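In: Could you work out the structure for the sequence below:
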Amino acid sequence: MATLRIQHAVPSFDGWKRAFDRDPMDRKGSGVRRYHVQRSVADPNFVFIDLEFDTVEVAERMLAKLRHLWAGPGGAVMRNPEAWIVENVESKTV
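Out: Numbers count the residues shown, from 1 in each chain. Here you go, the predicted model:
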């Protein structure tokens, strides 16, 4: 399992969320198994997105597609996106 972790500021959370919900990247068709959307309590216009994939390779393909989107029309609804592909090392309920 690989996770594509993304963070960026948005001019308006509601406007960004509408764009996210339109799903321009076809999350399911791009191999996303599950996603989480979070936002900062201190700054509600700063979002974090985790997209979960079966493999690192599929996550890398999605990241390449996202970078293309960010360089074009995605720039209207987000600022300074950063992304990492991470693997879960441990998860435990306490």
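In: ok, now how distant is Arg79 from Asp23?
Out: 21 Å (C-beta to C-beta, to the nearest Å). For the C-beta atoms, the positions are set from N, CA and C on the backbone; glycine is no exception.
In: do Pro11 as well
Out: 20 Å.
In: Repeat that for His68.
Out: 16 Å.
In: Please apply the same query to Pro81.
Out: 17 Å.
In: Which one's more surrounded, the two?
Out: Using other C-beta atoms under 10 Å as the criterion, Pro81 and Asp23 rank with Pro81 on top: 18 against 12.
In: Tell me what Arg34 is bridged to.
Out: Glu52 (DSSP bridges).
In: Report how many residues lie close to Ser12.
Out: For Ser12, the count of nearby residues is 11 (other C-beta under 10 Å).
In: Distance from the chain centre to stretch 73-87, please.
Out: Relative to its parent chain, stretch 73-87 has a centroid offset of 7 Å by C-alpha atoms, centre = their mean, to the nearest Å.
In: which residues are in contact with the lengthiest helix in the chain?
Out: For the chain, the longest helix by residue count, based on DSSP state H, is helix 56-71. Contacts to helix 56-71, defined as C-beta atoms under 8 Å, 6 or more residues apart in numbering, come from residues 2-4, 6, 24-25, 30-32, 51, 53, 74, 78, 81, 83, 85, 87.
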